[in-house]
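**Q** Dropping a prediction and its sequence here:
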Number of protein chains: 4
Amino acid sequence: MANLEALQTSTKSVGTLTASSRPPRIAVAGVSGYAGGELARLLLHHPALEGTKPTFLGRAGEAEVGPSTSLEALHPYLTGPGAAESNPVYSFSWNRIVDEGIEVLFLATPHEQSREWVPEAIERGIKVVDLSGAWRLQETRNRDVYRLKDAKPALADELQAEAVYGCPELHRNAIKRARLVANPGCYSTSMILALAPLVQAGLVDLDHGIVCDAKSGVSGAGKAATTKTHFMYAADNLSAYNVFGHRHRGELLEQLHLDSDQIQFTPHLLPIPRGILATIYLRLKRPTEPAAISAMFSDFYRDSPMVRLYPTPHLPQIQHVVRTNFCDIGFELAPDGKRMVIVSCLDNLLKGASGQAVQNLNLMCGWKEQEGLL
Amino acid sequence: MANLEALQTSTKSVGTLTASSRPPRIAVAGVSGYAGGELARLLLHHPALEGTKPTFLGRAGEAEVGPSTSLEALHPYLTGPGAAESNPVYSFSWNRIVDEGIEVLFLATPHEQSREWVPEAIERGIKVVDLSGAWRLQETRNRDVYRLKDAKPALADELQAEAVYGCPELHRNAIKRARLVANPGCYSTSMILALAPLVQAGLVDLDHGIVCDAKSGVSGAGKAATTKTHFMYAADNLSAYNVFGHRHRGELLEQLHLDSDQIQFTPHLLPIPRGILATIYLRLKRPTEPAAISAMFSDFYRDSPMVRLYPTPHLPQIQHVVRTNFCDIGFELAPDGKRMVIVSCLDNLLKGASGQAVQNLNLMCGWKEQEGLL
Amino acid sequence: MANLEALQTSTKSVGTLTASSRPPRIAVAGVSGYAGGELARLLLHHPALEGTKPTFLGRAGEAEVGPSTSLEALHPYLTGPGAAESNPVYSFSWNRIVDEGIEVLFLATPHEQSREWVPEAIERGIKVVDLSGAWRLQETRNRDVYRLKDAKPALADELQAEAVYGCPELHRNAIKRARLVANPGCYSTSMILALAPLVQAGLVDLDHGIVCDAKSGVSGAGKAATTKTHFMYAADNLSAYNVFGHRHRGELLEQLHLDSDQIQFTPHLLPIPRGILATIYLRLKRPTEPAAISAMFSDFYRDSPMVRLYPTPHLPQIQHVVRTNFCDIGFELAPDGKRMVIVSCLDNLLKGASGQAVQNLNLMCGWKEQEGLL
Amino acid sequence: MANLEALQTSTKSVGTLTASSRPPRIAVAGVSGYAGGELARLLLHHPALEGTKPTFLGRAGEAEVGPSTSLEALHPYLTGPGAAESNPVYSFSWNRIVDEGIEVLFLATPHEQSREWVPEAIERGIKVVDLSGAWRLQETRNRDVYRLKDAKPALADELQAEAVYGCPELHRNAIKRARLVANPGCYSTSMILALAPLVQAGLVDLDHGIVCDAKSGVSGAGKAATTKTHFMYAADNLSAYNVFGHRHRGELLEQLHLDSDQIQFTPHLLPIPRGILATIYLRLKRPTEPAAISAMFSDFYRDSPMVRLYPTPHLPQIQHVVRTNFCDIGFELAPDGKRMVIVSCLDNLLKGASGQAVQNLNLMCGWKEQEGLL
């Protein structure tokens, strides 16, 4: 642990961000993608950041980004009312980050880059919210799907151990103090929030197993033009993919403390731009009244402004969460009081990515959790 | 059984349709809906019906249909190349049906009307393919969801007992001899075809239960303009509905011989015009090789031209079945050889309704099962 | 004019809204529709209205709205983080409006109701922003399409003469002083903003005529479930309608001072939820350089924060204006310097309805025009 | 002309295809694209080709196609009921074409390849229907947009002069005798068929000019995954492109015998898979009754089974032509009897490409024009 101790000593203390009366200096790397664009939008409109501007950066080796790129050229819907307000987008460079005194770095970058850049940022005393999958998983066997390579394995191990899974509803206090927040996956968020109250209460029959059937809009597949993101493939279609093998699976296991055979998850590609709906099937250990379940959920999310609970038997729909940072949750119980269906919805680019990242920033800065997100 | 015997004697013998060298005289009632329109299209292009024209009829009390209505006005995509070929649509009347010597009547009508009209047709010696849910279910408790009332309960009971569930892949021979074919539900077809081979082989762990997560395009909700069929509700959205309570559930129980707690099914409304995809979760009783499963499916559907099996781990998609009469089936097995996901796709208006109805007609007439459907 | 004088004397003076240090008391009638919902959303988040809440009302005879209706039940995407913050929606009543001291009334109501209610509101000293077509047109022959009937014709005539067409880019100063703002039509806004700079400059060859080919998303057709708003009609489709006869045509004639045969406009129904794109074809009187046109547009919209001009030959698209209050305008000139195509885009529910209504409120209250709209 | 004479002598005589009692041997090159797939589907189901199978070939240098490729793998919706019926797709080679005695070659290939391959095919005595833009335009200045290079310029010039523009409604007799049919562009077909009757009758005020505002589904942009075919770009969007400069423009000029400034055409990208709708604006030279216009259209298309005329003021819609080979045409006249709007719809992959190609084949073979297309 020696290395890490030294590292911590060499960096700003944990309280920095909140102690200051001014907002932190923020940079967003990987701003050209969908998550990057949403992050830029949220930060530019964030009330606590009024009067400041984040620094916008590309990802490594990105041709699209250069000296004359603007945020508005990459994401025309962000254009403000005048050319004078256009926001430059720079190639990624540590020099710029250091020169500008960046204190919080958002990484909306591929997982390989995130794995490489996080230690470099932390060593420079910069806090990180990483939107990739690079730091979400503690167990090596779960992380293997990402095929990550570390330049300094020991340091990486220490940072990994320190990384906080950025689900405010589960790890609110740890996030407040974190140097490295691993922002959760979009699918994972929808399922973890639906399951955590009942699983933590020990009410779910785990021997029977949990089935998660999840469906996501096309923005979840990223901005690259591929066979599967072609309009002719995605439109008027529905397809299942990565059955038994989606990368977000490990997050379910670790965050819900489940064994590999206790949960299974099938993602599907929906013919819509944004939104996830997960339909979750489970059995309770003993017959339970719907009201008791509702009370359990309400209790669990009492202090969580971004989770909306539907009174049973009302169920959430994608249309009501799109372009919001809410995760909407509803459920139905079979007459036997044991078989249960939970439906959970969120916007994959907001509560499933950039909105949750800002929620984490809010916690790290001591602001209201929902600041700039309603 | 006396009544039924009399009835049978008074009607044309079972062999009539096939014995004749000419095609049967056909009527379609309820031709204004989506299923009715597809049925009209298929029958007008059916090679074995060349040179004949079905009689097209409305449903009871339908304002849209009258002396001057044409099929082309109801379904403009059916318009042929010349006005001279326009097809009249008449108000429903038994006189017309009898006068025209109708031998096969398709009912694309609400279940209440189907329940009322089927006995009247059979008494007149007319064979029926009924596309509603009125005659699909043998057990009263399953049929209760339709709240059916019978004018002649004893006759209805006898006809119900005689009705053949119109799934050619399961009841091919009975359909050939049937007077009353109860055409299956769209959701049911997708799930029954996916499950029948394994359930019949006794390979499925039924104590563990089967989970069916099914998604359908909007045409499944019918032509009525409602809150849920409004473009602004359905587009860019996904919603679950009728959890634990969809009407097609009874068909699963009866056709797969399952107890109520052995299977559950959640339908969802997809933002697409046509198509169903069902994702089915089950456990096998013992670890099995994928190849053994594939062999079992191939064997079961050897003589079924309308089922297409995908080599594992390839999975079907909605886009490849839309506007076809195929049911496409694929599966994946978990490494444990027990947990299994089956994906089944079809077009809800074709294999899920009108295409399957024509497939049944083909069997009843002794034609090739896929005639007019490729 | 006697009546109007009396009316003006009996009402609050024009300066009331801006003189006060507190925000005005606001009501929205017709909050259940799409425009009403967007209006509610904008007003609830308006910085200058912080700490206040509008009164939300139904339209006349609306079954959906009653003692226990909430805004959140009508528009679930508006639900805030807690049940305590739910907003009631009341049946429309003048008693409530008077009791609550309403100073500005938004009418998102059918034109017949708007025509009836506006005089009643003005007589009570309440300023009105009316989103219907009831008060937009000064010439009787243009207004005839609405078949309006006035209880007090003389008063109606006077109010009509006083009504200000609520296009801030054209009538900014008059709006600031108006008691009655007739909020423009969605199609009209997109075309008037595209044409006004060149038409006012006398540069357009009006003898040749202007062709406007406009396309709108389905929300423009309203919330009623009809044949044309059915998903199966609108999806995967495009249709032209009301050729030569759309109601918004009169606004073009009056605002651009054109004769009836100098402009024609064909609306189309697009298979998308929101957004309008108008493609406009005209000839200039003399060959002109693109740069001169650009300068003319920039000059015209110098003080208009909600119009974004694209540098030629870049053209705006619907995706970049959806959920914004911007009207985006771009153009191309043919090599002859005379034939010109202008493309204009906006969100029909925002700049085409509720956003523009709030823009008008901002002007009436002396706030920044874009307040609460970025 | 010497070369051409020699060429003609060396090839099969014009009557070959129709004189034979057996269907011609057919190959399709470029079968992997959307047009190629639709062509394969139509030919496999063509009644006059029953018992035969076309030879399916890739395009030059296509990685997707190889020894083990099947048509069904490229276009899964084409899969027949059994693996035994799978259709191989070969790399393009003249040896195979000659060995199999191919008599008609369809080229669904890029225009550069079509320009190169057509002379090679004709020299081998093979008739060609070319779906690219390579041979549609007689005037060099119009053809320049394709930047074509000819290995044997003189031969290319002769073949170009001989090429018949494959619009059966305009050039039926020439197509019957053609060795080289240049299948029209999708946009062009929709506009030419709408305009030809009135323009040929000299009724259109050409000095005033014609405006064509055309909108196409995404399949028109081809199968390549690009920024503009990405679901996130195309969905929920509408955009204009290639104003004043689309390649199909030259076809309008040549087929309608118009000068460059007499017609202008703006294409738009619609958020749907298939279909084109063109809204056409023109002025008649003198006031005319709608009935006279209708009569003119009916007369012009009396023997054209693939054109459907709508009785004014009914207008066609995309939904009714999708997956048909029809071009639907309707119009409205302004009260002045001079200003006119014509709406024309077709499926860009059928009447706009592969369906029209089969229509041309039918003519070349002496079959009914609509054979296999209804």
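**A** All right, it came through fine. Numbering: from 1, shown residues only, chains lettered A, B, ... in the order given.

**Q** Let me know the pLDDT of residue A:176.
**A** If you check residue A:176, the pLDDT there is 98.

**Q** how about the residues of the stretch 251-374 of chain A near chain D?
**A** Counting by Cβ under 8 Å from any Cβ of the partner chain, the residues of the stretch 251-374 of chain A lying close to chain D are A:271, A:272, A:273. C-beta: built from backbone N, CA, C; applies to glycine.

**Q** pretty sure the first one is touching residue A:221, no?
**A** Which is residue A:271. No: contact criterion Cβ atoms under 8 Å: residue A:271 and residue A:221 do not qualify, at 11.8 Å.

**Q** Neighbour count: those two, which is higher?
**A** Using other Cβ atoms under 10 Å in any protein chain shown, the more surrounded residue of residue A:271 and residue A:221 is residue A:271, with 24 against 19.

**Q** Stretch A:198-212 near chain B at all?
**A** Yes: applying Cβ under 8 Å from any Cβ, one finds that stretch A:198-212 is in contact with chain B at A:208, A:209, A:211.

**Q** Quick one: end-to-end length of that stretch, please.
**A** Stretch A:198-212 has an end-to-end distance of 15 Å (Cα to Cα, to the nearest Å).

**Q** so what's whichever residue of the stretch 1-150 of chain A sits closest to chain D closest to, chain neighbours aside?
**A** The minimum distance from the stretch 1-150 of chain A to chain D, using Cβ to the nearest Cβ, falls at residue A:34 (7.3 Å). Excluding the flanking residues, the one nearest residue A:34 by Cβ to Cβ, 6 or more residues apart in numbering or on different chains is residue A:219, at 4.9 Å.

**Q** Could you do residue A:285 as well?
**A** Spatially, and ignoring its direct neighbours in sequence, residue A:285 is nearest to residue A:205 (4.9 Å; Cβ to Cβ, 6+ apart).

**Q** isn't the one you found right up against residue A:287?
**A** No: the pair residue A:205 and residue A:287 fails to qualify as a contact (Cβ under 8 Å) at a distance of 11.6 Å.

**Q** What's opposite the residue nearest to residue A:162 when sequence neighbours are not counted in the beta bridge?
**A** Excluding the flanking residues, the one nearest residue A:162 by Cβ to Cβ, 6+ apart is residue A:180, at 6.1 Å. Beta-bridge partners recorded for residue A:180 (DSSP bridges): residue A:128.

**Q** measure residue A:180 to residue A:164 for me?
**A** The gap separating residue A:180 from residue A:164 is 7 Å, by Cβ to Cβ, to the nearest Å.

**Q** again, but for residue A:267
**A** To residue A:164, residue A:267 is 25 Å away according to Cβ to Cβ.

**Q** Also residue A:286?
**A** Relative to residue A:164, residue A:286 is positioned 34 Å away (Cβ to Cβ).

**Q** More neighbours: the two, which one.
**A** Each of residue A:286 and residue A:164 has its neighbours counted (other Cβ under 10 Å); residue A:164 has more, 23 against 9.

**Q** Which residue is the nearest non-sequential neighbour of the more buried one?
**A** Counting by Cβ to Cβ, 6+ apart, residue A:178 is the residue found nearest to residue A:164 once chain neighbours are left out, at 4.0 Å.

**Q** Show me where chain A has its helices.
**A** Taking DSSP state H to define them, one finds helices in chain A at A:2-10, A:16-19, A:34-44, A:71-74, A:94-99, A:111-123, A:140-143, A:153-162, A:168-177, A:186-200, A:231-234, A:249-256, A:290-300, A:355-365.

**Q** Point out the most buried one among those.
**A** With neighbours taken as mean count of other Cβ atoms under 10 Å in any protein chain shown, the helices of chain A reach their highest mean count in helix A:355-365, at a mean of 26.

**Q** quick revisit: quickly, which of the helices of chain A bottoms out on average pLDDT?
**A** Here those differ in mean pLDDT, and the lowest is helix A:2-10 at a mean of 40.

**Q** got the residues of chain A near chain C?
**A** So far as Cβ under 8 Å from any Cβ goes, chain A lies against chain C at A:45, A:76-77, A:79-82, A:236, A:305-306, A:308, A:317, A:319-324, A:326, A:370, A:374.

**Q** from the stretch 1-150 of chain A, which residue is nearest to chain B?
**A** residue A:141 (13.4 Å).

**Q** gap between that residue and chain C?
**A** 38 Å (Cβ to the nearest Cβ, to the nearest Å).

**Q** wait, what's in contact with that residue?
**A** Listed by Cβ atoms under 8 Å, 6 or more residues apart in numbering or on different chains, the contact set of residue A:141 is empty.

**Q** in terms of contact, does residue A:316 touch residue A:329 like I think?
**A** Yes: counting by Cβ under 8 Å, residue A:316 does reach residue A:329; the two are 6.7 Å apart.

**Q** what is in contact with these two at once?
**A** Common neighbours of residue A:316 and residue A:329 (Cβ under 8 Å, 6+ apart) are A:308, A:310, A:343, A:344, A:345.

**Q** Out of those, which two sit at the greatest distance?
**A** Maximum pairwise distance among those (Cβ to Cβ): 12.2 Å, between A:308 and A:343.

**Q** residue contacts, the residue of the stretch 1-150 of chain A closest to chain D?
**A** So residue A:34 contacts A:219, A:222, A:223, A:349, A:353, D:232 (Cβ under 8 Å, 6+ apart).

**Q** Quickly check the residues you listed for the two that are furthest apart.
**A** Farthest-apart pair in the contacts of residue A:34 is A:353 and D:232; separation 14.4 Å (Cβ to Cβ).

**Q** Enumerate the residues of chain A near chain B.
**A** So far as Cβ under 8 Å from any Cβ goes, chain A lies against chain B at A:208-209, A:211, A:213, A:215, A:233, A:236-241, A:243-244, A:261, A:264, A:266, A:268, A:270-275, A:277, A:279, A:281, A:313, A:315, A:317-319, A:322, A:332, A:334-336, A:339, A:341, A:343.

**Q** 6 Å instead?
**A** Neighbours of chain B within chain A, by Cβ under 6 Å from any Cβ of the partner chain: A:211, A:213, A:215, A:236-240, A:243-244, A:266, A:271-272, A:277, A:279, A:281, A:315, A:317-319, A:332, A:334, A:341, A:343.

**Q** Can you give me the domain boundaries for chain A?
**A** For chain A, the domain assignment from automatic domain parsing gives the residue ranges A:2-162, A:186-348.

**Q** how long is the longest one end to end?
**A** Looking back up the chat, that one is domain A:186-348. Domain A:186-348: ends 5 Å apart by Cα to Cα.
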